[in-house]
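Chemist: show me how the following folds:
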Amino acid sequence: MSLPIPILMKKLLFFGAGALGCGIGYMLRDHETWFVGRKLMVDKINSEKMHVTGVDTGTLQGNAVTDIDDLNFKPDIVFITTKAYDTEMAIKNISEKWSDLIIVSIQNGLNNYDTINKTLKTNWKGSPEKYIVMGITNHGFYIDQHGDLVHAGNGSMWIGSYQKTDSSGIVYDLFTSSRINCILTDNIESIIWQKGIVNSIINPLTAILNVENGYLYNNQNLALVIDELLKEGVGIANTLNINISLDEVRNMLFDTIKKSSTNRSSMLRDIEMGRRTEIEEINGYIIKKGNFVKLKVIYNSLLYSLIRSMEELANKKRD
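Modeler: Residues are numbered from 1 along each chain as shown. As a prediction, the model looks like this:
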């Protein structure tokens, strides 16, 4: 068995210190990790009291700030791990402070690349495309009631760029040198759509039913709904000339559910905490594209409406 290629220690910044950012930061703990996030999470990280349980066990050790202006260095790589609706804000902050550095988006949502590229072009000269790397993962992470990190499901990482660039190779080497299962792909847009469709099923269904991911596995009561959601998403992608097959998305869906069976999805956690969900950037985007290509989006529209109603109810309870 060949050993990972050694790589020099890098300064890594995770913009978004939620479950995903902390989870990937912990996996890359051989490097110098910095986080930008909310005060509660920042304090937890800086106190070195964020415990990690599940697939991995340990303590997250890093440095965290609430404001990017508190950083007096330029990182080697910035990971965008915010909610998809905060992508523009994160990129605006980064591009106003630094230029010409690798930016890796590992987020839910289907429109992050366009948002990043458009926002970078406002502040950067030249072509920012060569610095943008897109990543997808089916690792399952969540923050428990104590503010600790649970790595609930092991998985893989897919890395690629929309444009031919050396940046994706650099990020791939970063992951593989830390013994993280990573796949370098030249068709990352298709993978993003596959994962987007998977998220459009797992996230809203688990949030509506208040269940862990594993409840959806081989559930005959949900079989029809899941199948119709798969057909809607794949049909829209193919009409947009993004070639993915129903079988490969179905396989990714059930592989993800199986590997993250004890995970509580980010949308479920958002509903529980009374926070805004990413329904607009997932199912909402599929609905938007479905309407554009004139295909029916009945099942996505139903889930979208139900989650929006749950958000509204949560807000009323909080007020």
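Chemist: buried residues, stretch 309-319. List them.
Modeler: Across stretch 309-319, burial judged by 16 or more other Cβ atoms under 10 Å covers Met310, Glu311, Ala314. Just so you know, the C-beta spots here come from the backbone N, C-alpha and C atoms, and that holds for glycine as well.
Chemist: now do stretch 164-184
Modeler: Neighbour-count burial for stretch 164-184 [16+ other Cβ under 10 Å]: 165, 167-168, 170-177, 180, 182, 184.
Chemist: CA atoms only for that stretch, dumped as CSV, please.
Modeler: Output of stretch 164-184 as CSV, limited to C-alpha atoms (Å, rounded to 0.1, in the frame of the first residue of the first chain):
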residue,chain,number,x,y,z
LYS,A,164,-8.8,23.6,-15.4
THR,A,165,-6.6,24.7,-12.5
ASP,A,166,-3.7,23.4,-10.3
SER,A,167,-5.7,24.5,-7.2
SER,A,168,-7.9,21.4,-7.1
GLY,A,169,-4.8,19.2,-7.1
ILE,A,170,-3.3,21.2,-4.2
VAL,A,171,-6.4,20.7,-2.2
TYR,A,172,-6.6,17.0,-3.1
ASP,A,173,-3.0,16.5,-1.9
LEU,A,174,-3.9,18.3,1.3
PHE,A,175,-6.7,15.8,2.1
THR,A,176,-4.9,12.7,1.0
SER,A,177,-1.8,13.6,3.0
SER,A,178,-4.0,13.6,6.1
ARG,A,179,-5.3,10.1,5.2
ILE,A,180,-8.7,11.4,4.2
ASN,A,181,-10.5,9.5,1.4
CYS,A,182,-10.6,12.0,-1.4
ILE,A,183,-11.6,11.7,-5.1
LEU,A,184,-10.2,14.3,-7.6
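Chemist: state the mean pLDDT of it.
Modeler: The average pLDDT within stretch 164-184 is 94.
Chemist: how's this protein carved up into domains?
Modeler: Annotated domains of the chain cover 11-186, 190-318 [automatic domain parsing].
Chemist: ok so, going back, just give me the least confident of the buried residues of stretch 309-319.
Modeler: Ala314 (82).
Chemist: before we move on, the earlier item: and the furthest pair within the buried residues of stretch 164-184?
Modeler: Thr165 and Ile180 (20.5 Å; Cβ to Cβ).
Chemist: could you check how far Leu8 is from Ile298?
Modeler: Separation of Leu8 from Ile298 (Cβ to Cβ, to the nearest Å): 52 Å.
Chemist: cool, and Met50?
Modeler: 42 Å.
Chemist: looking at those two, which is more packed in?
Modeler: Shown here are Met50 and Ile298; by other Cβ atoms under 10 Å, Met50 has more neighbours (24 against 10).
Chemist: hmm, the more buried one is touching Gly58, no?
Modeler: No: using Cβ atoms under 8 Å, Met50 is not in contact with Gly58; the gap is 9.7 Å.
Chemist: quick one: contacts for Asp186?
Modeler: Contact analysis of Asp186 by Cβ atoms under 8 Å, 6 or more residues apart in numbering lists Gly160.
Chemist: helix or strand: which one has it?
Modeler: For Asp186, there is no helix or strand it lies in under DSSP states H and E.
Chemist: so where's the protein shaky on pLDDT?
Modeler: 1-7, 318-319 (pLDDT under 70).
Chemist: repeat that with 90
Modeler: 1-9, 123, 125-127, 153, 155, 163-165, 218, 259, 314-319 (pLDDT under 90).
Chemist: residues touching the residue nearest the centre of the chain, list them.
Modeler: Within the chain, one residue has its C-alpha closest to the average C-alpha position: by Cα atoms, centre = their mean, that is Gln107, at 2.4 Å. Contacts for Gln107 (Cβ under 8 Å, 6+ apart) come out as Leu20, Ile80, Thr81, Thr82, Lys83, Ala84, Thr87.
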